[in-house]
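Participant: Predicted model and sequence below, questions to follow.
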Amino acid sequence: MTANDSLEGCTLVVGGDGRYFSENAIRIIVQMAAGNGVSKVIIGQNGIMSTPAVSHVIRKYNTFGGIILTASHNPGGPNGDFGIKLNISNGGPAPSHITDKIYSLSQSIKQYRLCPNFNANISQIGLQEFKVDGKTFQVEIIDSVQDYLEYMKEIFDFGAIRTLLHGDGGTDGLPILIDAMSGVTGPYVKRIICDELGANESSAVNCTPLSDFGGGHPDPNLTYAADLVTEMKKGSHGFGAAFDGDGDRNMLLGKNAFFVTPSDSLAIIAANLDCIPYFQKTGVKGYARSMPTAAAVDRVAELTGKEIFEVPTGWKFFGNLMDSGRLSLCGEESFGTGSDHIREKDGLWAVLAWLSILANKRKSVEDLLKEHWGKFGRNFFTRYDYENCESEPAEKIMSNFDSMVADKAFIGKSFTQKGKNFVVGKADNFEYTDPIDGSVTKKQGIRIIFTDGSRIIFRLSGTGSSGATIRMYIDSFEADPSKHLLDAQEMLKPLIDVALEISLLQQLTGRDKPTVIT
């Protein structure tokens, strides 16, 4: 797909997380597709299809691309958020040169074509045919889960996972708890985790997609998935997971709510890909992570002799690497994990990957992490989100940082907190050159890297009327096994205080604590 491609005669996929306004949007999209010469539109039943499933369907049926109706992990409902996402023929998010062109066209568009009285029934599975200007126009409503389910059965050993969940006579089954947070993943969890893998129905909660996500915030983290955390703390379940609205993000917990950071999750999967049949067949290429993500997977890459890539935040930056055959596994600290099986992050895939590893290793989640840290060391990591800040002071913080990292005198500067000293070794506003096409992406976040390898990162998102979100990331490596089980917030407190000291965040925003701590 390019910015100038014609839609004439092509096939598009349409799906979404079921949030408020989705059905109206689908009706308009179908009308516009019919009016612009599209040959066929494939739609998930009732408009429901997870982002990972859309990516797979695009690839399986070799379509022109797809439109996903979602605002990801943001709230829904009449007063919530709505979004439209474009994926291209490889199944991944549209790259910058296409989205930039779309934005440019939106500034000059004077007319558009559609069939205003055209309506298709999206509730009934099957093929519908219509005539538009003498040409056949098809709308195919598909089972939202079936194609994805069949693909997961090719990737994973469902028999091994089934044995893990039920036991094998000599061992008890693993009790699990999966929270779909009233998002799109619910039907996939029911069909795959319960029906196919045989987990008890009570193992899956909040599995009916709701247009307002039940009034909740479908963001799988310790703050917004608090009900899952509370239940896991009771110690009755050995594995827990939650998903966001459109199904591409996941949070993982062990018994007693033992928290697995997304950075550690990525590293654990990387170190155990041989437990997954898909990678036994395809082999393992490289690994990649977004720049703010802790460098835990880098240590796996180093020990296994694989390439490691550090890219800007945004899944589209992984696509070129996958398409060129240099990347097998990637992830973001924002609870996104995925592989080259599709071109999106995939929450349920990550859960099945973990269950495959647990089935193979026969260890608890906590013991698996301890063993991993003993071999590779531990990257302590935390993220502070300061949501709905006033835009002016937020932009002032980033402007101050730009001046700071541009000053050569900043390198070598020393900061001391809680008796621990940090010396600046490198500082910049992250810039990425794509190794495949040479494209350059600038100003992707402030990085301050200290001589001991510790990192402070600041990024700003959203500077509109609803306010800005300042994200502060703290990453520090610890090789000493005697410290691996210490509390992350306590271990990182000196570095957190240095970050607050350098940024003047509390003074400029008036915030004495973050909205969300991950």
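Facilitator: Nice, I can see it.

Participant: who's in contact with the closest residue to D402 other than its chain neighbours?
Facilitator: Nearest-residue entry for D402: N429, 6.2 Å, with adjacent residues in sequence omitted and distances by C-beta to C-beta, 6 or more residues apart in numbering. (C-beta placed from N, C-alpha, C; glycine too.) Neighbour list for N429: F401, D402, V405, K442, K443, Q444, G445, I446, R447 [criterion: C-beta atoms under 8 Å, 6 or more residues apart in numbering].

Participant: and which of the residues you listed is nearest to L228?
Facilitator: Ranked by distance to L228 (C-beta to C-beta), the contacts of N429 are led by G445 at 29.4 Å.

Participant: What is the end-to-end distance of stretch 117-124?
Facilitator: End-to-end distance for stretch 117-124, by C-alpha to C-alpha, to the nearest Å: 20 Å.

Participant: Would you confirm that F450 contacts K420?
Facilitator: No: in this structure, F450 is not within contact of K420 by C-beta atoms under 8 Å, at 10.4 Å.

Participant: Looking at those two now, which is surrounded by more residues?
Facilitator: Neighbours per residue (other C-beta atoms under 10 Å) separate F450 from K420, with F450 holding more: 20 against 15.

Participant: what about the closest residue to that one other than its chain neighbours, how many neighbours?
Facilitator: In space, and not counting its chain neighbours, F450 is closest to F422: 4.5 Å by C-beta to C-beta, 6+ apart. As a burial measure, F422 scores 22 neighbours (other C-beta under 10 Å).

Participant: what about K443, which SS state?
Facilitator: The three-state assignment at K443 reads coil, by DSSP: H, G, I helix; E, B strand; the rest coil.

Participant: ok, it - contacts?
Facilitator: For K443, the contact set (C-beta under 8 Å, 6+ apart) comprises N429, F430, E431.

Participant: List the buried residues of the host helix or strand of the residue nearest to F450.
Facilitator: Assessed by DSSP states H and E, F422 sits inside strand 420-429. Residues F422, V424, A427, N429 are the ones in strand 420-429 that count as buried (16 or more other C-beta atoms under 10 Å).

Participant: Return the list of helices and strands in contact with the helix or strand harbouring L86.
Facilitator: Using DSSP H and E, L86 sits in strand 84-87. Applying 3 or more C-beta pairs under 8 Å, 6 or more residues apart in numbering; DSSP states H and E, we find strand 84-87 packed against helix 51-60, strand 65-69, helix 96-106.

Participant: Tabulate the buried residues of strand 420-429 (CSV), appending pLDDT.
Facilitator: Output for the buried residues of strand 420-429, formatted as CSV (pLDDT from 0 to 100):
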residue, pLDDT
F422, 94
V424, 96
A427, 96
N429, 96
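
Participant: okay if I get the residues you listed as TSV plus distance to Y473?
Facilitator: Formatted as TSV, the buried residues of strand 420-429 follow (distance: C-beta to C-beta, whole Å):
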residue	distance to Y473
F422	15
V424	16
A427	14
N429	14
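
Participant: Would you confirm that A479 contacts K375?
Facilitator: No: the criterion here is C-beta under 8 Å, and A479 misses it with K375 at 11.1 Å.

Participant: in what helix or strand does the spatially closest residue to Y473 that is not a sequence neighbour lie?
Facilitator: Nearest residue to Y473 in three dimensions, chain neighbours excluded: I457, at 4.0 Å (C-beta to C-beta, 6+ apart). Using DSSP H and E, the element containing I457 is strand 455-464.

Participant: quick one: contacts for G425?
Facilitator: G425 sits next to I411, I449, F450, T451 when contact means C-beta under 8 Å, 6+ apart.

Participant: what do you get if the cut-off is 7 Å, keeping everything else the same?
Facilitator: G425 makes contacts with I449, F450, T451, as judged by C-beta atoms under 7 Å, 6 or more residues apart in numbering.

Participant: Put together TSV for those, with pLDDT and distance to Y61 on each row.
Facilitator: What follows is the contacts of G425, written out as TSV (pLDDT from 0 to 100; distance: C-beta to C-beta, whole Å):
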residue	pLDDT	distance to Y61
I449	96	44
F450	95	49
T451	94	52
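
Participant: Let me know the closest of those to Q124.
Facilitator: I449 (56.2 Å).
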